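In: below are the sequence and a predicted model for it; my questions follow.
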Amino acid sequence: MRHNKKFNHLSRKKGHREALLSNLAISLIMHKRIFTTLAKAKALRVYAEPLITRCKKDDMNNRRLVFSYLQNKEAIKELFGVVAEKVADRPGGYTRILKTGHRLGDNAEMAMIELVDFNEAMLAEKEAKTQKTRRSRRGGKKSADAPQTEAPAEKAPEAEAPAAE
């Protein structure tokens, strides 16, 4: 029976799995985008998003708690500095996972995981879209009491057939 087994163990023991997720989280924070297998990306999202939520409130307790997971001073500086500024108003969903196909060697499903607020291409595309106005059903129709006049349809001149004599 698999009672209370809610997360992917990634075929690793506890210490190995924690080291793997810690290293993946450090790489994600430092590089803002990493390529890995889909299973590791999904496990990393569950691991990293609570840490990013902690960085919104910069105090000693949160820094120590996040450091206990990551064990990397540069990653902590980056997380509580640059990343915290970008995600300050976001209520969650800090990462995006995009599938990239299958790996050639073992056909493992690969994915790219990235921090959402750091993808300049998608942010520029979002700003470039114009805001469309919604059209209502009633607003576009003409009123019934106004006289409706139609312009006469112009006919295209027909080619005259040569007269047969």
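Out: Thanks, I have it. Because the structure is predicted, anything quoted here is derived from the model rather than measured.
In: please enumerate the strands of this protein.
Out: Counting by DSSP state E, one finds strands in the chain at the ranges 33-37, 95-102, 109-115.
In: mind putting those into TSV with mean neighbour count?
Out: Where C-beta positions appear, they are placed from N, C-alpha and C, glycine not excepted. Converted to TSV, the strands of the chain look like this (neighbours: other Cβ atoms under 10 Å):
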stretch	mean neighbour count
strand 33-37	16
strand 95-102	14
strand 109-115	18
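In: could you redo those as JSON lines and give each row distance to Lys14?
Out: Putting the strands of the chain into JSON lines (distance: least, Cβ to Cβ, whole Å) gives the following:
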{"stretch": "strand 33-37", "distance to Lys14": "19"}
{"stretch": "strand 95-102", "distance to Lys14": "23"}
{"stretch": "strand 109-115", "distance to Lys14": "22"}
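In: could I get those strands as a markdown table with mean pLDDT and distance to Lys6?
Out: Below are the strands of the chain laid out as a markdown table (pLDDT from 0 to 100; distance: least, Cβ to Cβ, whole Å):
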| stretch | mean pLDDT | distance to Lys6 |
| --- | --- | --- |
| strand 33-37 | 97 | 20 |
| strand 95-102 | 97 | 19 |
| strand 109-115 | 97 | 20 |
